[in-house]
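# sequence plus predicted model, see below.
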Amino acid sequence: MELPSAFCWSKFGAEAGEPSNQIIRRKEYERRANDGTFLWGIGNSIRPSLAVLLQSCGSPEVLFTPMLSRPASIDVAPAEVVLWQKAVGLDGNSYEIPAFSAITSRPPVRGSVARHFALVCSSGSDLYESVPGECQFNVDSVRNLATGSPVGPSQVTSVVKLERRVGSSGRSYRVAFRAHLVSPFLVSLYSPLTVPRDLRWSEVRRNLDVEESTRRLLDLRDSIVTQQPTMTLF
């Protein structure tokens, strides 16, 4: 697989008590149920660098690679999990979360603005089949698109450009699956709802299939009425 000259790069691992293999299974179900669309939650806004990418590519790609380090205990077994109910797009307009999309995370840090972010992704093929054969790249072979600086180990999601050279000292990342980013590309999430323990992925995945466990979370989200935002969330 030939890498794009510039792309969004997101590393993934355990999140909100959900192991990475379960996350991918759920996102594939979400993609199928939403006619190709799925939302991928991220903890940071990449708005400035994404704007640079969109200037040269109207529908850029996002490549997903497994994290190389072991997941933190707070991601494997968080004390609390929240479900995000509302979203605002890059244009500042309210964005309707797709009917079968459920985005969970650890709760916001106490005293901070309650928000999270998500990439708006689309793929016409099974996520497990979106990358033919073995594909990987060295961290030395990419740079942050907006600044040209190396990609730091703490950058979980970034926008990068491919350097036409092969890195030799950096670590290699395997591309597990890929998709396109589609309008509005990135959304800011707000209005978090605490997920009851018996509905958390870590609890239900042993007893329910992906469809049923997702439906129960969506029923919880749809039962709550929230107000629209009155401020810029990016």
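Structure's in. What do you need?

# C-alpha from now on. contacts and neighbour counts both.
OK.

# any idea how far residue 84 is from residue 107?
10 Å (CA to CA, to the nearest Å).

# actually residue 37, not the one I typed
Distance, residue 37 to residue 84, using CA to CA: 17 Å.

# for the residue minimising distance to the centre of the chain, what are phi and psi?
In the chain, the residue lying closest to the centroid (CA atoms, centre = their mean) is residue 40, at 2.6 Å. Backbone dihedrals for residue 40, given as degrees, to the nearest 10, come out at phi -120, psi 110.

# that one and residue 134, how far apart?
23 Å.

# run through this structure and note the low-pLDDT ranges.
Residues of the chain meeting the criterion pLDDT under 70: 110-114, 132-133, 164-169, 204-208, 225-234.

# now do the strands in it.
Along the chain, counting by DSSP state E, strands occupy 6-12, 37-42, 61-66, 82-89, 94-95, 104-105, 116-122, 136-138, 142-144, 157-162, 172-174, 177-194.

# still on that earlier bit, separation between the residue nearest to the centre of the chain and residue 1?
Distance, residue 40 to residue 1, using CA to CA: 22 Å.

# next one: residue 35
The spacing between residue 35 and residue 1, counted by CA to CA, is 25 Å.

# more neighbours: which of these two?
Counted by other CA atoms under 10 Å, residue 35 and residue 1 do not tie: residue 35 has more neighbours, with 13 against 10.

# distance of the more buried one relative to residue 123?
Counting by CA to CA, the gap from residue 35 to residue 123 is 9 Å.

# could you do residue 29 as well?
12 Å.

# residue 170 too?
According to CA to CA, residue 170 stands 30 Å off from residue 123.

# between the two, which one's more packed in?
Higher neighbour count among residue 170 and residue 123: residue 123, with 20 against 12, using other CA under 10 Å.

# so that one makes contact with residue 37?
Yes: using CA atoms under 8 Å, residue 123 makes contact with residue 37 at a distance of 6.7 Å.

# overlap in contacts of those two?
Each of residue 31 lies in contact with both residue 123 and residue 37 under the rule CA atoms under 8 Å, 6 or more residues apart in numbering.

# list the contacts for residue 221?
83, 85, 193.

# returning to that earlier point: need the residues touching each of residue 107 and residue 84.
By CA under 8 Å, 6+ apart, the residues touching both residue 107 and residue 84 are residue 192.

# the two: who's more crowded?
The residue with more neighbours, out of residue 107 and residue 84, is residue 84; 26 against 20, by other CA under 10 Å.

# my guess is the more buried one contacts residue 192. True?
Yes: applying CA under 8 Å, one finds residue 84 in contact with residue 192, separated by 4.5 Å.

# quick revisit: how near is the residue nearest to the centre of the chain to residue 181?
10 Å.
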